[in-house]
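**Q** Quick one: sequence plus predicted model below, questions after.
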Amino acid sequence: MILNKHNSNWGRHTMSGGNQDGCFICLDSSPSPMQSGCACRDAAGFAHIECRVKAVEALVQRKGENQWWYTCQTCKQVFTGPMCLGLAKAWCLRVCERAEEDLERLEATNNLAISLSGQGKYAEAEEMQREVLVARKRVLGTEHPYTLTSANNLAVSLSRQGKYAEAEEMQREVLVARKRVLGAEHPATLASANNLATCLSGQGKYAEAEEMLHEVLTARKRVLGAEHSSTLVTANNLAISLKSQKKHAEAIEMQRAVLEVQKRVLGAEHPDTLTTANDLGTSLSVQGKLVEAEEMLREVLAARKRVLEAEHPSTLITASHLAISFSRQGKHAEAEGIYHEVLAVRKRVLGVEHPSTLTTAHNLASSLSDQGKLAEAEGIYHEVLAARKRVLGVEHPHTLKTASNLASSLSRQGKHAQVEETEREVSACRKRAVEGSGACADASKRRK
């Protein structure tokens, strides 16, 4: 599904929140320019895609470096959001008439796939990344750094779709190869280790993920610096792993520190900053700091709608977390309304059995149960439990949480025989999980 001149609309994408003072390149305010999604602030961050494309073409011609298609020459941070996608499509159009195995065409296509993944279009990105990976293996060899980059990026897209087993296997292979080819502390090797740890966390292997993230964080501080954007991402990932193991105070302290640096280095509405703010809001909610959590999550939700759009997976994450905060404050009707909306969108955008979709369904059932709608909650719990067993496995913390909640719902309806059966199954699975991995903490009711 390589982009061609007939299916491109890169120049027609608009974004809310445009700067009426004008594009910093051409100075015109019509059409409204968009935020570049890098770390440039205020007026310096707003431009028309067409103006950015012309500037990049001139810069690439002068310096001979393709990195300027995805890196801002001013702040040296990568573009994100619609600007990133627009530039990626423009680059692909520039080289789309070349042979399929042309190295720049493969590089441009790989970059477009990354941009699509960043916009939440994971399936489309996966298809494109598989094509690039096959071509790079054929042209460059299986252990060429560019081939390994394609494999890493494909694994990330798989993980974001909840295909954890396949993603983990691929990330482990890439990590071993990158250590051998590039060295243990090469930035690309550390990126693979960070991504593998994230994949492990998604499977409930929190202790293993925490250990790996500690190592990556130490190395990234040494190699890249404490305030590098990649170092800050790893620090936030580590905080998430800590929270998943109920180390809430430690997680909050780390997230506050990361958020402060990201606001200063990247800006308050950079996607990385918003991710950390979202995760901090979730941690505060779990700690019972509900007023602060709700305020922070409302701010993040408004910003993500503005920066990423309303149906972006990250925006849906924040909406779901805000609903959880409402539930913890006893605002069950408000929470239920949000869950219904998020669930409908996630089914359409991510699929019925995506882990995030199942988490939303689980949380909806919890909200219904809290309102005494036990029969309706029970029906949803049964569906989610069956799907989580299929998708995540019977010993995954999320599967066990759904089983436990189902048992509680059954008990409140006086269905004691079914309760005993469910509780025996949960007990056996917990025992196997402890014996197998040592990670047995329940996941809180949050979107993964």
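**A** Received it, and whenever you're ready, just let me know what you need. Bear in mind the structure is a predicted one, so any value in this text is a computation, not a measurement.

**Q** Is it correct that residue 314 is in contact with residue 303?
**A** No - using Cβ atoms under 8 Å, residue 314 is not in contact with residue 303; the gap is 10.4 Å. Yep, even glycine has a C-beta here, placed from its N, CA and C like the rest.

**Q** shared neighbours of the two, anything?
**A** Shared contacts of residue 314 and residue 303, defined by Cβ atoms under 8 Å, 6 or more residues apart in numbering, comprise residue 274.

**Q** So which elements touch the helix or strand encompassing residue 293?
**A** According to DSSP states H and E, residue 293 maps onto helix 290-307. If you count contacts as 3 or more Cβ pairs under 8 Å, 6 or more residues apart in numbering; DSSP states H and E, helix 290-307 packs onto helix 271-286, helix 313-328.

**Q** Quick one: name whatever helix or strand follows the last one.
**A** Counting by DSSP H and E, the element after helix 313-328 in chain order, helix or strand, is helix 332-349.

**Q** Using PDB, write out every CA atom in that next one.
**A** Taking Å, rounded to 0.1, in the frame of the first residue of the first chain, the C-alpha atoms of helix 332-349 are listed here in PDB:
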ATOM      1  CA  HIS A 332     -21.200   6.800  37.800                       C
ATOM      2  CA  ALA A 333     -23.700   8.100  35.200                       C
ATOM      3  CA  GLU A 334     -21.100  10.500  33.800                       C
ATOM      4  CA  ALA A 335     -18.600   7.700  33.700                       C
ATOM      5  CA  GLU A 336     -21.000   5.400  32.000                       C
ATOM      6  CA  GLY A 337     -21.800   7.900  29.300                       C
ATOM      7  CA  ILE A 338     -18.100   8.400  28.400                       C
ATOM      8  CA  TYR A 339     -17.500   4.600  28.400                       C
ATOM      9  CA  HIS A 340     -20.300   4.000  25.900                       C
ATOM     10  CA  GLU A 341     -18.800   6.700  23.600                       C
ATOM     11  CA  VAL A 342     -15.200   5.400  23.900                       C
ATOM     12  CA  LEU A 343     -16.300   1.800  23.400                       C
ATOM     13  CA  ALA A 344     -18.200   2.600  20.200                       C
ATOM     14  CA  VAL A 345     -15.200   4.400  18.800                       C
ATOM     15  CA  ARG A 346     -12.600   1.800  19.900                       C
ATOM     16  CA  LYS A 347     -14.700  -1.000  18.300                       C
ATOM     17  CA  ARG A 348     -14.700   0.900  15.100                       C
ATOM     18  CA  VAL A 349     -11.100   2.200  15.100                       C
END
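
**Q** what's the following helix or strand after it?
**A** Once the chain leaves helix 332-349, the next helix or strand it forms, by DSSP H and E, is helix 355-370.

**Q** quick one: the helices in the stretch 1-150 of the chain?
**A** 49-63, 81-95, 103-118, 122-140, 145-160 (DSSP state H, counting those that start in this stretch).

**Q** Would you reformat the ones you listed as a markdown table and include mean neighbour count and mean pLDDT?
**A** A markdown table is the format used below for the helices of the stretch 1-150 of the chain (neighbours: other Cβ atoms under 10 Å; pLDDT from 0 to 100):
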| stretch | mean neighbour count | mean pLDDT |
| --- | --- | --- |
| helix 49-63 | 16 | 92 |
| helix 81-95 | 23 | 93 |
| helix 103-118 | 23 | 94 |
| helix 122-140 | 19 | 96 |
| helix 145-160 | 23 | 96 |
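
**Q** any chance of the ones you listed in a markdown table, plus distance to residue 38?
**A** Shown next, in a markdown table, are those (distance: least, Cβ to Cβ, whole Å):
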| stretch | distance to residue 38 |
| --- | --- |
| helix 49-63 | 10 |
| helix 81-95 | 8 |
| helix 103-118 | 13 |
| helix 122-140 | 21 |
| helix 145-160 | 20 |
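
**Q** To residue 42, which of those helices lies closest?
**A** Closest to residue 42 of the helices of the stretch 1-150 of the chain is helix 81-95 (Cβ to Cβ; 15.6 Å).

**Q** Just want the angle from that closest one to helix 49-63.
**A** Inter-element angle recorded for helix 81-95 and helix 49-63: 60 degrees (by axes from the mean of the first three to the mean of the last three Cα atoms, to 10 degrees).

**Q** list the helices and strands helix 81-95 packs on?
**A** Using 3+ Cβ pairs under 8 Å, 6+ apart: helix 81-95 touches strand 34-35, helix 49-63, helix 103-118.

**Q** so that helix versus helix 271-286, what angle?
**A** 150 degrees.

**Q** Please report how far the closest residue to residue 59 other than its chain neighbours lies from residue 76.
**A** Take residue 59 and drop its neighbours on the chain: the residue closest to it by Cβ to Cβ, 6 or more residues apart in numbering is residue 68, 4.7 Å away. According to Cβ to Cβ, to the nearest Å, residue 68 stands 10 Å off from residue 76.

**Q** So for those two, which sits in the more crowded spot?
**A** Ranked by neighbour count (other Cβ atoms under 10 Å), residue 68 and residue 76 place residue 68 first, with 20 against 10.

**Q** give me every residue that touches the more buried one.
**A** If a contact means Cβ under 8 Å, 6+ apart, then residue 68 has 56, 59-60 as its contacts.

**Q** Distance to residue 398 for those - can I get that in JSON lines?
**A** Putting those into JSON lines (distance: Cβ to Cβ, whole Å) gives the following:
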{"residue": "56", "distance to residue 398": "43"}
{"residue": "59", "distance to residue 398": "46"}
{"residue": "60", "distance to residue 398": "45"}
